[in-house]
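>>> Sequence plus predicted model, see below.
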Amino acid sequence: MKEDNLHNVLYFENTSMRGLFDDMCSWQKENKKRFLSSGIQQDQSKYCCICLTNPSEVTIVGPDGNCADVTSSGNLCVLDMS
């Protein structure tokens with residue numbers, strides 16, 4: 001069963017850019033997920049970041065209606081949806 005990843009917005013804050021970077025790297029290593037995008041702003045004395053992760057419910061569909069999937073061994077396969 002695939003892990004649900006329906007919440008793909010994350011917020012980080014730290015008093016330094018280096019601390020923010022370390023927090024974000026730690027989160028990625030712990031969760032084994034990549035960020036799709038991020039935006040960093042300074043808010044008073046803190047550096048804040050809002051990130052989007054790549055949601056797992058995204059389905060790649062070709063023009064023929066077939067879907068792509070990745071097996072547990074990491075191989076790409078095509079699912080015949082007809």
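Sure thing, it's come through. What you see is a predicted model; the values in this text were computed from it and never measured.

>>> quick one: least confident helix or strand in this protein?
strand 60-61 (a mean of 72; mean pLDDT, DSSP states H and E).

>>> what does it contact?
Cys67, Ala68 (Cβ atoms under 8 Å, 6 or more residues apart in numbering). Every C-beta, even on glycine, is put in place using the N, C-alpha and C of the backbone.

>>> Off-centre distance for that strand?
18 Å (Cα atoms, centre = their mean, to the nearest Å).

>>> burial measure for the closest residue to Leu10 other than its chain neighbours, as a count.
The spatially closest residue to Leu10, leaving aside those adjacent along the chain, is Cys51, at 4.5 Å (Cβ to Cβ, 6 or more residues apart in numbering). Here the count is done by other Cβ atoms under 10 Å, and Cys51 has 20 residues near it.

>>> how near is Cys51 to Asp23?
Noted for Cys51: a distance of 11 Å to Asp23, by Cβ to Cβ, to the nearest Å.

>>> Need the residues touching each of the two.
Listed contacts common to Cys51 and Asp23 are Phe12; contacts here mean Cβ under 8 Å, 6+ apart.

>>> Look up which residues are beta-bridged to the residue nearest in space to the middle of the chain.
When Cα atoms, centre = their mean is applied to the chain, the residue found nearest the centroid is Thr53 (2.2 Å). Under the criterion DSSP bridges, Thr53 forms beta bridges with Phe35.

>>> now swap in Ile40 and tell me
With DSSP bridges as the rule, Ile40 is bridged to Cys49.

>>> pretty sure it is touching Lys46, no?
No - using Cβ atoms under 8 Å, Ile40 is not in contact with Lys46; the gap is 10.8 Å.

>>> got any ranges where this structure has weak pLDDT?
1-6, 55-59, 81-82 (pLDDT under 70).

>>> how about the helices in it?
17-31 (DSSP state H).

>>> Apart from its neighbours in sequence, what residue is nearest Val78?
Asn66 is the one closest to Val78 (Cβ to Cβ, 6+ apart), at 5.1 Å.

>>> Roughly how far does the residue nearest to Leu10 sit from Met24?
On the measure of Cβ to Cβ, Cys51 and Met24 end up 7 Å apart.
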